[in-house]
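A.B. asks: turn this into a model:
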Amino acid sequence: MVQEFARRREQFARDLNRVPGFRCVPPEGAFYAWVNIEETGVSAEEVCRIMLEEGGVAGIPGAAFGASGANFVRFSFASSAAILREAVERIQKVSSEWQGTAAIRN
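C.D. replies: Here you go, the predicted structure:
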């Protein structure tokens, strides 16, 4: 299982880094990905709302873990590799919504 979670971790982080505005360094422990979403130009709360309402993917705004997490979203990768791939595909599909929101603000 340790090797399987290591594979999921590496693949999930790599896939998340393909989402516009997401930056994820593979975590060294646990099974949570900590994703910097600052480049989206939208708050973590808004990114999480869009992902959930438009894509059916849940993430937790990083501020729930302290003020330094304001520009982060936390994901669990304790699901199968297939589910994780599908989640990232859904996130990529809805990412155009926050890209549009950021463009309106600028």
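
A.B. asks: helices or strands next to the longest helix belonging to the chain in the packing?
C.D. replies: Scanning the chain for the helix with the most residues, using DSSP state H, yields helix 81-105. The elements that helix 81-105 packs onto, with contact taken as 3 or more Cβ pairs under 8 Å, 6 or more residues apart in numbering; DSSP states H and E, are helix 2-16, helix 44-50. Using the backbone N, CA and C atoms, a C-beta is placed for each residue, glycine as well.

A.B. asks: buried residues in the worst-scoring helix or strand of the chain on mean pLDDT?
C.D. replies: None of the helices or strands of the chain scores lower by mean pLDDT, DSSP states H and E than helix 81-105, at a mean of 83. Residues of helix 81-105 classed as buried: 84, 87-88, 91-92, 94-95, 97-98, 101-102 (neighbour count, 16 or more other Cβ atoms under 10 Å).

A.B. asks: just stretch 49-64 next, same as before
C.D. replies: For stretch 49-64, the buried set under the neighbour-count rule, 16+ other Cβ under 10 Å, comprises 49-51, 54-55, 57, 59-63.

A.B. asks: from residue 62, how far out is residue 22?
C.D. replies: Residue 22 sits at a distance of 13 Å from residue 62 (criterion: Cβ to Cβ, to the nearest Å).
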